[in-house]
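1. take this sequence and fold it.
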Amino acid sequence: MFRKTINKFDDSYLIKFKPLQVEVRNGDFERASKDFKVMVQREKIISLYKEHQKYEKPSEKKRRKRRESEEKRLVMAYKALKEKNG
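-> Numbers count the residues shown, from 1 in each chain. Presented below is the predicted three-dimensional model:
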């Protein structure tokens, strides 16, 4: 069997990101900083970076994906129940 070689410096996942730009208006740097943080969070840049910091075994990845889908299913069921009951 061949093992997959892991390049811990592989940053090819960053290619799909577009540059983020925030305009500072009227010298309001605090507002621009908050806007930038929101943009970064929306683009999931930090979370993807953290995911690629270490190797994730296939079994761990499968377990994580299953857990995430279960959480998503529960949230959707809760929202549907909430809408149904008003």
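
2. burial of residue 50, as a residue count?
-> 9 (other C-beta atoms under 10 Å). Every C-beta, even on glycine, is put in place using the N, C-alpha and C of the backbone.

3. state the helix or strand in which it lies.
-> Under the criterion DSSP states H and E, the helix or strand holding residue 50 is helix 45-51.

4. so for that helix, mean pLDDT?
-> The average pLDDT for helix 45-51 rounds to 83.

5. how about the strands in the protein?
-> Taking DSSP state E, the chain contains no strands at all.

6. any low-confidence regions in it?
-> Scanning the chain for pLDDT under 70 picks out the ranges 1-17.

7. now do the lengthiest helix in the chain: distance to the chain's middle.
-> If you go by DSSP state H, the chain has its longest helix at helix 58-85. Computed by C-alpha atoms, centre = their mean, to the nearest Å, the chain-centroid distance of helix 58-85 equals 16 Å.
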